[in-house]
Structures are given as C-alpha cells and as structure tokens.
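Peer 1: Dropping a prediction and its sequence here:
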Amino acid sequence: MLGVVAPWRWLLALCLRLLFLVPAGVPVRSGDAGFPKAMDNVTVRQGDSAILRCAVDSRVTRVAWLNRSQILHLGNVKWSVDPRVVLIANTKSQYSIEIQNVGIYDEGSYTCSIQTDSEPKISRMHLIVQVPPQILNISTDITVNEGSTVTLRCLATGRPEPTVTWRHYAGKSCRFVSDDEYLDIARISREQSGDYECSAANEVAAPAVRRVTVTVYYPPYISDTGNTGAFVGQKGMLHCAALAVPLAEFHWYKEDTRLSSGLDRVRIENKDHMSILSFFNVSEKDYGNYTCMASNKLGNSNASVILYGPGALQNRSNSPSGTLAATCLWCGVLYSLTAF
C-alpha cells in the first residue's frame, strides 16, 4: 500500500503546480503594478452569457482560466467538460472565455493564471449571478366568515432577495396593505374581501405577480325596500334588496302566511340581491303589510313593505310632508314620490 500512495502524492503535487502554472519555488504575486488586471466583478442575469476577460501582453508564455480548483482552459486547450464554457479570445492582448446560459451554481471566484518568462501572475474576478424574482409558494383562494383572522403568505426567491408587497383590489379600488411575506388580517370585514396581489421585485426583471382571492361570508342585511301604491285591478309590485355572501334566499309573508309564486295571483322573482313580489290583479284584500325575509347560512334579516290603495295615496298627498302621487305608465303601478 505504501508503494502505491507515494506516486499519487507526487502526482497530486504535480497537478497542483500545473493548476496554477507556478514553477516550484517561485512565489505567486497578485496585482503586479506592471501587469493589467482583469475586472474584479462580472454581474450577469441567470440564463445570459458571462464573458471573463483577462488582459495579457507579449511577455506571457502560458495562460489558463480556472474556477476554484478546476482548470477550464489551458491556452487553446479546453479542459472543462462543460459545453457551456467556450474560449472566445487568445491573442497577444486578451485571453477570454465565455460561460453560456449561466446558472446560480456558476457564481463564485474565477482565476486567470498567467506565466511569463520570469514569474507567474494571477488576476481574479468574482462572477455574480442575478436571478429574476419568482414566487415559490402563495396561499390559495380562501373563504372565511366575517370576523375571522386571515393569514396570507407569499414566499419568493431571487438574487438579490426580492422585496414582497401586498395590494388589495376591491372593485376598481386598489390600496397598499403590507410589505411582508406574510399578511395578517385580524377580524376581517366584508369590505376587506376581494383580490390580494402579491408582487416580488428585485429590479433584475419585471416583478413576479400573483393574486389570492379572499371571499368573506356575512349574514344578509336589507339594503333597500319601498312602499308602493296600486289601484284595484291594476298590477302592483313590491321590491326588496339584500346584501349577503353567500347570496341570500328571499321569502315573502303576508302576516304569518308565506307567499308562493303562482298562488293567490302573485309572482315572486329573485335575482342576485333583489326580490320582486308582483300582483297580477290587485284586490282590496291585497292591501296591507308584507314582510320580506332574506336569509343565508349565517343569519337572516327582514323588513316590512306596504302595498296601499288610493285612499292612502290621497292621505299622503294631503300630508304636511308634501307627498306627491305619480303614475308609472309602463308598469301600471302607482308610486309615491316625496318632494323635499
């Protein structure tokens, strides 16, 4: 075993001398004032090509490019097995290589080793690889009840490290909400529903942008109703609007009796946030108070709506409040309009 180890040690020493092109016993000096140096830093974007240039002159006898302890090129001979490493210049004034399709693992120190008739010289540079921002992990769309606490995450990578910001989009409005990877919303309200946009930026390329949709469930509340007047034998309509998420289901009641579409000469039409109770042929018994109830799985809300006749209209028109009566011709319903 000892007879085998000794030749390997000798071969290793020989390779190290060849690696730095330094004759035995000759010290290495970096940054000789009489010899030009290569650039200290080369910065490229991931996927681009990096050109490493080394200035030489007529005194040079041998040159090589090394990456850490690996020889890339020795003179015109390529030592690297990486097809991306290409010699692009070996002249009396320049010795340069190109690394194509640069990746993050190419980042690091590179050495141009130069041998002259008298002594070796070394010029070093550092390759910096910039990576465009990329969002690696982001929260999925979420649905929560109003009052809950919500945490959204947006984890991004890049070189330099990207800055992460959050913006809230609700309808046509947009506002900045945070500059952290994690966005915490305590006791979320219905107004805070919408799209939350995460942007990761580091100026290497266009920001990476993704969105998370937050849906906030809340119980219904009646947002609009209107008392309506109608003549006997005419058509009458009562309407009721309610805001809710999920959408509310509507039910109409006359006193304690629930009304059904198609019965008692009435029709109920529900669409999105609105419910309309229509009377095909108003009779005296139709006048009175109606209850609109809007409900979803989180709760319910109700409001009273009145269908009244000509007598009530006359009383309203003579009241001190200045209520006027006007007839809507296309629908055949008499509405009350208040003059302020």
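Peer 2: It's in.
Peer 1: Tell me who's in contact with the residue nearest the centre of the chain.
Peer 2: Centroid-nearest residue in the chain, with Cα atoms, centre = their mean: residue 210, separated by 2.3 Å. Taking Cβ atoms under 8 Å, 6 or more residues apart in numbering, we find residue 210 in contact with 135, 138, 154, 197, 198. The way it works is simple: take the backbone N, C-alpha and C, and place the C-beta from them, glycine included.
Peer 1: Residue 184 too?
Peer 2: Residue 184 is in contact with 149, 150, 151, counting by Cβ under 8 Å, 6+ apart.
Peer 1: if we can go back for a sec, ok, now how distant is the residue nearest to the centre of the chain from residue 143?
Peer 2: As judged by Cβ to Cβ, to the nearest Å, residue 210 and residue 143 stand 18 Å apart.
Peer 1: Model confidence score at residue 9, please.
Peer 2: We have a pLDDT of 38 for residue 9.
Peer 1: Who are the contact partners of the nearest residue to residue 103 once chain neighbours are set aside?
Peer 2: Nearest residue to residue 103 in three dimensions, chain neighbours excluded: residue 46, at 6.3 Å (Cβ to Cβ, 6 or more residues apart in numbering). Counting by Cβ under 8 Å, 6+ apart, residue 46 makes contact with 102, 103, 104, 129, 130, 131, 132, 159.
Peer 1: ok, the second one - how many residues close by?
Peer 2: In other words, residue 103. Neighbour count of residue 103, defined by other Cβ atoms under 10 Å: 12.
Peer 1: now residue 278, nearest residue through space, not along the chain?
Peer 2: In space, and not counting its chain neighbours, residue 278 is closest to residue 267: 4.6 Å by Cβ to Cβ, 6+ apart.
Peer 1: Tell me the strands beside the helix or strand that the one you found is a member of, with direction?
Peer 2: Per DSSP states H and E, residue 267 falls inside strand 266-271. Within its sheet, and counting by DSSP bridges, strand 266-271 is paired with strand 274-279 (antiparallel).
Peer 1: could you give me the average pLDDT of the partner strand?
Peer 2: The model assigns strand 274-279 a mean pLDDT of 94.
Peer 1: Residues in contact with it: which ones?
Peer 2: If you take Cβ under 8 Å, 6+ apart as the criterion, strand 274-279 is touched by 230, 235-242, 250, 252, 259, 265-269, 286, 290, 292, 294, 305, 307.
Peer 1: Can you pull the phi and psi angles for residue 104?
Peer 2: phi -60, psi -30 (degrees, to the nearest 10).
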